[in-house]
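A.B. asks: would you be able to build a 3D model of this:
(one chain, ligands or ions: 1)
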Amino acid sequence: MATIAPARQHERSTGSRQEADHKSAINQQTSPMMHVRNLCVNYENSRTGELTEAVLNVDIDIFPGEFVTIVGLSGCGKSTFLSAVAGLVPYQSGILEVAGRVVNGPGPDRAVVFQRASLLPWRTVLENVIYGLELRGIPRKEARDRGREILKLVQLEGFENFHPRALSGGMQQRTNLARALASDPDLLLLDEPFGALDAITRETMQNELLDIWQKHRKTVLLVTHQIDEAVLLSDRVIVFTERPARVRKQIVVDLKRPRSSAVKNNPEFLHLVDRIWSEVNRVGFGKEGEEYVI
Ligand code: ADP
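C.D. replies: You can find the predicted model right below:
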């Protein structure tokens, strides 16, 4: 059995150490938008009572305007963690706060985009986008104006009156993203949002998301198993262990912004992807300050 050096909580990529120091200095003075400590999430089989530990003692802070991505092996607990933050799955213990408020269920401070667009088939694109605003009692004209503005942002101008069935998969997912953005959440939660799209549409959507994020600087938590997607989009990539998910490593992505998919040819990008791959595929886990055992 071999051992390797202890993990540091935040490992920097190559490149601008000064910039990373600057970022962490900012972070130390700012309250996190998402604050998670010792979070544990289990599933209980209602028939047998058997427990599945999905998330174990996870600590993560995300700061305002940060784009953070969680990667890990399939089935490790990424979606469970995101669902707990969304308030869709209860947690057993730990601290889970968004914008300073304890998460006790879903709320308008968080919006989620899943892999499959969950649009209401009887409503038009615009009506889907403003659905949440209507529920919150926003006046119709104001909601529609805001909806149109967001649809422009996601390149769906001109499709306001289409029904979901008349849209391609990529357009449906753009509508879903527009719906999430329309409610102006404190935290945008993206669970494999491009996972069901073909490779070309996926790349287009990644570029559009980069563009939208660069304009709006929403605080984003993304879950993906595509490591190149994680590096392209993020300020920081968090690698989860195999189930139950714990934080294995946090890697700061120092690649210059604004970015586009052209950055994928950059040697630093390729180095980061390799680095993260090896962390995702590492087996075993030691507590912080201990050694990893491989
Ligand atoms: P990932 O998103 O990393 O692929 P998930 O969070 O979906 O992983 O799943 C983590 C573990 O929890 C898996 O073993 C999965 O089978 C289990 N799991 C997920 N959802 C449920 C559920 N609703 N009930 C019971 N077990 C679940």
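A.B. asks: and the nearest residue to His35 once chain neighbours are set aside, what are its bridge partners?
C.D. replies: Sequence neighbours aside, Glu97 is the residue nearest to His35 in space, at 4.5 Å (criterion: C-beta to C-beta, 6 or more residues apart in numbering). (Each C-beta comes from the backbone N, C-alpha and C, glycine too.) Bridge pairing for Glu97 (DSSP bridges) gives the partners His35, Val102.
A.B. asks: per-residue pLDDT, Glu97?
C.D. replies: Note for Glu97: predicted pLDDT of 98.
A.B. asks: contact residues of the protein facing the ligand?
C.D. replies: By C-beta under 6 Å from any ligand atom, the residues of the chain that approach the ligand are Tyr43, Thr52, Ala54, Gly72, Ser74, Gly75, Cys76, Gly77, Lys78, Ser79, Thr80, Arg243.
A.B. asks: ok so, going back, measure the residue nearest to His35 to the ligand for me?
C.D. replies: The span separating Glu97 from the ligand equals 21 Å under the rule C-beta to the nearest ligand atom, to the nearest Å.
A.B. asks: burial of that residue, as a residue count?
C.D. replies: By the measure other C-beta atoms under 10 Å, the count of residues near Glu97 is 17.
A.B. asks: distance of it from Ile227?
C.D. replies: Glu97 sits at a distance of 29 Å from Ile227 (criterion: C-beta to C-beta, to the nearest Å).
A.B. asks: where is the longest helix in this protein?
C.D. replies: Here the longest helix in the chain is taken by residue count, with DSSP state H as the criterion, and it is helix 199-216.
A.B. asks: that one: which residues count as buried?
C.D. replies: Of the residues in helix 199-216, those scored as buried under the neighbour-count criterion (16 or more other C-beta atoms under 10 Å) are 201-213.
A.B. asks: what's the answer for stretch 76-88, then?
C.D. replies: When neighbours are counted by 16+ other C-beta under 10 Å, the buried residues of stretch 76-88 are found to be Cys76, Gly77, Lys78, Ser79, Thr80, Phe81, Leu82, Ser83, Ala84, Val85, Ala86, Gly87.
A.B. asks: what ranges do the helices span in the chain?
C.D. replies: Assignment of helices within the chain using DSSP H yields the ranges 17-29, 78-86, 125-129, 131-135, 140-153, 169-182, 199-216, 227-233, 267-280.
A.B. asks: what's the closest of those to Asp254?
C.D. replies: When the helices of the chain are compared by C-beta to C-beta, helix 17-29 sits nearest Asp254, at 5.9 Å.
A.B. asks: starting at the chain centroid, how far to stretch 253-263?
C.D. replies: 17 Å (C-alpha atoms, centre = their mean, to the nearest Å).
A.B. asks: quote the end-to-end distance of it.
C.D. replies: Using C-alpha to C-alpha, to the nearest Å, the gap from the first to the last residue of stretch 253-263 comes to 12 Å.
A.B. asks: mean confidence for that stretch?
C.D. replies: Across stretch 253-263, the average pLDDT comes to 94.
A.B. asks: please apply the same query to stretch 52-72.
C.D. replies: The predicted model gives stretch 52-72 an average pLDDT of 97.
A.B. asks: for stretch 174-188, C-alpha coordinates in PDB please.
C.D. replies: Written as PDB, here are the backbone C-alpha positions of stretch 174-188 (Å, rounded to 0.1, in the frame of the first residue of the first chain):
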ATOM      1  CA  ARG A 174     -32.300  27.200 -23.000                       C
ATOM      2  CA  THR A 175     -35.900  27.800 -22.000                       C
ATOM      3  CA  ASN A 176     -35.200  26.000 -18.700                       C
ATOM      4  CA  LEU A 177     -32.100  28.100 -18.100                       C
ATOM      5  CA  ALA A 178     -34.100  31.200 -18.900                       C
ATOM      6  CA  ARG A 179     -36.800  30.200 -16.400                       C
ATOM      7  CA  ALA A 180     -34.200  29.700 -13.700                       C
ATOM      8  CA  LEU A 181     -32.500  33.100 -14.500                       C
ATOM      9  CA  ALA A 182     -35.800  34.900 -14.600                       C
ATOM     10  CA  SER A 183     -36.400  34.400 -10.900                       C
ATOM     11  CA  ASP A 184     -33.000  36.100 -10.200                       C
ATOM     12  CA  PRO A 185     -31.900  33.500  -7.600                       C
ATOM     13  CA  ASP A 186     -29.100  34.000  -5.200                       C
ATOM     14  CA  LEU A 187     -27.700  30.600  -6.200                       C
ATOM     15  CA  LEU A 188     -28.200  28.900  -9.500                       C
END
